[in-house]
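whatever this is, show me its structure:
(one chain, ligands or ions: 1)
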Amino acid sequence: MISKPKVEVCFTPNLFPLYAEDFEVVVVIDVLRATSAICTAFHHGVEKIIPVSTLQEAKEYKNKGFHVAAERKGKIVDGFDYGNSPLSYRNDKLKGETLVLTTTNGTKAINIAKDIEHLLIGSLLNLNAICKYLTDLNKSVLILGSGWQNKFCLEDSICAGAISENLLQTNNFESFNDSTIAAKYLYLSARTNFFGYLKASSHRKRLKKLNLNEDIKYCLTANQTDVVPYREDYYLKKLS
Ligand code: 3SL
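Sure thing, here's the model as predicted:
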């Protein structure tokens, strides 16, 4: 019997090495807020995004004249042009431009998975688009949550559950891991009200303290764009 492609969920970047060799497609998720910011920036015309893990790398790009966004602990790092708020990319200021981005967890997770053949960026914002793309691609997929400093995080796990459940419902994929079952149940309990469900979550509280409730609401509103960002070489682009 011909086996179906798998879809599995990896909750945190430090677990990634346990899965990596079985997958040629990885979707990195950081709902609050890196992958939501990336999807929004591409939706509004940014041409390329270079994800870097450290502030040092970000500074080097800045010194070379690039537009650079840097976030740590939810805030824009002093001396940089932009942060990680998706709302700040909802305009055409960077249309056609390259943006360098470093964030606390999201860009690190992207770089951890950089050697995977198909590296894609997922969020609730592009949920249907990424699911359609993965269904058409028809290859085994790992959904990687960025977590918070390598710890489990609820919003990424819910989004991972939404994607895996959508693929499993097509009957073209199969899953064997308990993490994927757990993500599915989290998604099913949260799906009618992501904002309310996440009220007690650590990241929602962290961003709320920084007066970023509008960012949270935006990031938790599914299907606002059909962009599918992917890694090409050392940067991200959007599939056309
Ligand atoms: O961890 C990250 O990469 C960020 O998305 C964190 S924050 O939402 O900007 O606080």
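
any bit of the longest helix belonging to the chain sitting next to the ligand?
Using DSSP state H, we find that the single longest helix of the chain is helix 154-169. No: contact of helix 154-169 with the ligand is not found when judged by C-beta under 6 Å from any ligand atom; the minimum separation is 9.7 Å. Any C-beta I mention is one placed from the backbone N, CA and C, and that applies to glycine too.

can I get the CA coordinates of that helix in CSV?
What follows is helix 154-169, C-alpha atoms only, in CSV (Å, rounded to 0.1, in the frame of the first residue of the first chain):
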residue,chain,number,x,y,z
LEU,A,154,-0.3,28.2,23.2
GLU,A,155,-1.0,30.4,20.2
ASP,A,156,1.5,28.7,18.0
SER,A,157,0.2,25.3,19.0
ILE,A,158,-3.3,26.3,18.2
CYS,A,159,-2.3,27.5,14.7
ALA,A,160,-0.3,24.3,14.2
GLY,A,161,-3.4,22.4,15.1
ALA,A,162,-5.5,24.4,12.6
ILE,A,163,-3.0,23.6,9.8
SER,A,164,-2.6,19.9,10.7
GLU,A,165,-6.3,19.4,11.1
ASN,A,166,-7.0,21.1,7.8
LEU,A,167,-4.5,18.8,6.0
LEU,A,168,-5.8,15.6,7.8
GLN,A,169,-9.4,16.5,6.8
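
any idea which helix or strand comes after it?
Downstream of helix 154-169, the next assigned helix or strand under DSSP states H and E is helix 178-190.

show me what the next helix-or-strand element following that next one is packed up against.
Sequence-wise, the next helix or strand downstream of helix 178-190 (DSSP H and E) is helix 194-197. Applying 3 or more C-beta pairs under 8 Å, 6 or more residues apart in numbering; DSSP states H and E, one finds that helix 194-197 contacts helix 154-169.

chain center to the helix it packs on: distance?
With C-alpha atoms, centre = their mean, to the nearest Å as the basis, helix 154-169 stands 12 Å off its chain's centre.

give me the helices and strands touching that helix, please.
Helices and strands touching helix 154-169, by 3+ C-beta pairs under 8 Å, 6+ apart, are strand 7-10, strand 25-29, helix 127-137, strand 141-145, helix 178-190, helix 194-197, helix 202-209.

how about the residue most central in space within the chain, what does it touch?
When C-alpha atoms, centre = their mean is applied to the chain, the residue found nearest the centroid is I29 (2.6 Å). I29 sits next to T35, G122, S123, I143, L144, G145, S146, D156, C159, A160, I163 when contact means C-beta atoms under 8 Å, 6 or more residues apart in numbering.

switch to 7 Å and redo it
For I29, the contact set (C-beta atoms under 7 Å, 6 or more residues apart in numbering) comprises T35, G122, S123, I143, L144, G145, S146, D156, C159, A160.
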